[in-house]
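Asks: Sharing a sequence plus its predicted fold:
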Amino acid sequence: MTKYKVAEHKTIRAMERDFLFLAAEKAIFEMDRPTRDLLGRWSEAGERTREEVTAWLVDLPEAERAELFEGLLQRRAIVPANGAAPHGPYVNASEAKVPLKTLILHVTEACNLRCTYCYQAEAGEREASGGKQAMSREVAQQAVDFLLEHSGPLEDLVIVFFGGEPLLNFEVIRFVVDLATEKAREAGKRVSFALTTNGTVLTDEIARFLDEKHIGVTVSMDGVQEVHDRYRRFPDGSPSYEIILPKVKALLERPHSRPVVARVTVAEQAGRVREILRHLIGLGFLEAGFAPVTTGHPEFQLDEAAMDQLLEEFKGLAAEFVEAAKEGRFLGFSNVIDLLVSFHQGEVMNYPCGAGLGLFSVDPEGRLYLCQRFTGQADFRMGDIFEGFDRERLARFRLEAEISNKQECKECWARTICTGGCYHEACVREGSHLKPNLHYCAWIRKWGEVGLQAYCEIAAERPEFLDMLSMSRGYPPQTDGQVEEKGGSSNEEE
């Protein structure tokens, strides 16, 4: 006789309502009282047969007992006790032909800053570039053709301009935008553009172009002046904040067809995140996202105490975000927005990001790499835009990087939230891009719990706000949202 058990889960109490997060399915649903009581009792009782479980439901008519059991089984809130642990609707990307969606163009390797914590500064030996540091029009044109040729049925494509400081090669950026827009139109596709800049060489001409061409802009800026200038300096050691500030203000004061956001590297002052966010939003940024510095250098790494500080700052901002959302207001804290959107979409992935799947970076010579952070590192080269992908190396990466190969992740309830974490971070801190980011595991689980609580509180009072957040990230609205009563996630395939 088949026995069943409650699937791996977290329970959340929010606004006097009960929610269930299914770890393997990355699904959240609201529980009514019978469901809550049943799962609570069952979790303690362990494996049970259908007959044993339904016998507990003495307050329900027999038909409703069967309906409740079948509903939980269908949505995998309960699973056969002797079956394999469910892990979501994974796709074996090592065997699939994944269409190319995003190319990150390193239009120049040159940078006019010398940020001491920069990961490129400690990347080790890079592939020889023959002295050529800037991407030519010829390589850029081939990159556009490569993207269109390998995009398959996709209609919406992305080109990201990166560096170095990409605006040092502004003419090639201008060339690519016009060329790709026209070629995509001819192919019945659309291409959008994004750019990451340090802000030092912004001009009125560039700002006008970025706006007219609807280019999304991310400015690397670490916040208040003394924090920003600690590591973000020019080669002669002079600080950059006062150079950047008027240029960024001029950009932010323009009307925008797409939002301008800030990206903050946290190398110290982890307890000042809330102050920094308010400062950046006060300047006019719509959002700011924060990331601990990725480095193997102990001078810059955040220690355990600093990571605890960072978590407390994130918790405080998440609480502020929830209160703002309940009032219909937006707080541009990118970290919590991305987490909430991830829960709302409920997509289960077996890779932490699109690197090596639908996303690659291209260096000035046209060589392809897993992502922008590995650009120039021969071990992570995946072909080039002239001869095509190195299919053997790419298939090997996709097979080896899949989450099921990360033994430490298999028993972690947060595995569908981080999927093992960033490859580059793991390479730097764990010694291999194929390892999970064990140094962040406890932190991620705590942050995941904060995100779940925030999600359920907003879902209980302002579910439409979650749709709005998802739409801001390019997802279509969900008619009924991710949370349902008695049932599972609306994104599940029936």
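Replies: Ah, there it is. Numbers count the residues shown, from 1 in each chain.

Asks: Sketch out the low-pLDDT regions of this structure for me.
Replies: Scanning the chain with the threshold set as pLDDT under 70 gives 84-96, 119-132, 479-494.

Asks: Now with 90, please.
Replies: 1, 82-98, 118-133, 254-259, 268-269, 294-301, 410-411, 439, 476-494 (pLDDT under 90).

Asks: Got the domain ranges for it?
Replies: As recorded under automatic domain parsing, the domains making up the chain are 3-86, 102-378.

Asks: Counting by contacts, list what the lengthiest helix in the chain packs against.
Replies: As assigned by DSSP state H, the longest helix anywhere in the chain is helix 304-326. If you count contacts as 3 or more Cβ pairs under 8 Å, 6 or more residues apart in numbering; DSSP states H and E, helix 304-326 packs onto helix 273-283, strand 287-292, helix 334-345, helix 441-461. C-betas here are computed from N, CA, C, even on glycine.

Asks: related to what we said a few turns ago, same list, the domains of the chain, but as a markdown table with mean neighbour count and distance to residue 415 please.
Replies: Putting these into a markdown table (neighbours: other Cβ atoms under 10 Å; distance: least, Cβ to Cβ, whole Å) gives the following:
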| stretch | mean neighbour count | distance to residue 415 |
| --- | --- | --- |
| domain 3-86 | 16 | 7 |
| domain 102-378 | 18 | 10 |
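
Asks: Tabulate the ones you listed (CSV), appending distance to residue 432.
Replies: Conversion of these to CSV gives the following (distance: least, Cβ to Cβ, whole Å):
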stretch, distance to residue 432
domain 3-86, 25
domain 102-378, 13
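
Asks: Nearest to residue 313 among the helices and strands packed on helix 304-326 would be which one?
Replies: helix 273-283 (3.7 Å; Cβ to Cβ).

Asks: Tell me what angle the closest one forms with helix 304-326.
Replies: 50 degrees (axes from the mean of the first three to the mean of the last three Cα atoms, to 10 degrees).

Asks: State the distance from the closest residue to residue 165 other than its chain neighbours to residue 178.
Replies: Residue nearest to residue 165 in three dimensions, not counting chain neighbours: residue 111, with 4.6 Å by Cβ to Cβ, 6 or more residues apart in numbering. Separation of residue 111 from residue 178 (Cβ to Cβ, to the nearest Å) stands at 25 Å.

Asks: if we can go back for a sec, make TSV from the helices and strands packed on helix 304-326 and add distance to residue 386 to it.
Replies: Listed next are the helices and strands packed on helix 304-326 as TSV, based on distance: least, Cβ to Cβ, whole Å:
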stretch	distance to residue 386
helix 273-283	41
strand 287-292	33
helix 334-345	35
helix 441-461	39
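
Asks: Nearest to residue 169, out of those?
Replies: strand 287-292 (25.0 Å).

Asks: Return the list of helices and strands in contact with the closest one.
Replies: strand 260-266, helix 273-283, helix 304-326, helix 334-345.

Asks: Minimum distance to residue 71: which of the ones you listed has it?
Replies: Of the helices and strands packed on strand 287-292, nearest to residue 71 by Cβ to Cβ is helix 334-345, at 21.0 Å.

Asks: what's downstream of that closest one, the next helix or strand?
Replies: Moving toward the C-terminus from helix 334-345, the next helix or strand (DSSP states H and E) is strand 359-362.

Asks: So which residues make contact with that next one?
Replies: Residues from elsewhere that reach strand 359-362 (Cβ atoms under 8 Å, 6 or more residues apart in numbering): 100-106, 135, 139, 143, 162, 353, 368-372, 374-375, 382, 385.

Asks: Using CSV, write out every CA atom in it.
Replies: C-alpha atoms of strand 359-362 as CSV (Å, rounded to 0.1, in the frame of the first residue of the first chain):
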residue,chain,number,x,y,z
LEU,A,359,23.7,34.4,-22.7
PHE,A,360,27.3,34.8,-23.7
SER,A,361,29.9,37.6,-23.7
VAL,A,362,32.1,38.6,-26.6
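
Asks: and after that strand, which helix or strand comes next?
Replies: strand 367-369.

Asks: Give me the next element, helix or strand, following that following strand.
Replies: Following strand 367-369 in sequence, per DSSP H and E, is strand 381-384.

Asks: Strand partners (parallel or antiparallel) of that following strand?
Replies: strand 367-369 (antiparallel), strand 388-389 (antiparallel) (DSSP bridges).

Asks: Buried residues, it. List them.
Replies: 381-384 (16 or more other Cβ atoms under 10 Å).

Asks: Likewise for stretch 425-434?
Replies: Buried, per 16+ other Cβ under 10 Å, within stretch 425-434: 425-430, 433-434.

Asks: Of the helices and strands packed on strand 287-292, which is nearest residue 224?
Replies: Per Cβ to Cβ, nearest to residue 224 of the helices and strands packed on strand 287-292: helix 273-283, 5.1 Å.

Asks: Alpha carbons only: can I get that closest one in PDB?
Replies: Extracted as PDB, the C-alpha positions of helix 273-283 are listed here (Å, rounded to 0.1, in the frame of the first residue of the first chain):
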ATOM      1  CA  VAL A 273      23.100  50.000   3.000                       C
ATOM      2  CA  ARG A 274      19.900  51.800   3.900                       C
ATOM      3  CA  GLU A 275      21.700  55.200   4.000                       C
ATOM      4  CA  ILE A 276      23.300  54.500   0.600                       C
ATOM      5  CA  LEU A 277      20.000  53.400  -1.000                       C
ATOM      6  CA  ARG A 278      18.300  56.600   0.200                       C
ATOM      7  CA  HIS A 279      21.200  58.700  -1.100                       C
ATOM      8  CA  LEU A 280      21.000  57.100  -4.600                       C
ATOM      9  CA  ILE A 281      17.300  57.300  -4.900                       C
ATOM     10  CA  GLY A 282      17.500  60.900  -3.700                       C
ATOM     11  CA  LEU A 283      19.800  61.600  -6.600                       C
END
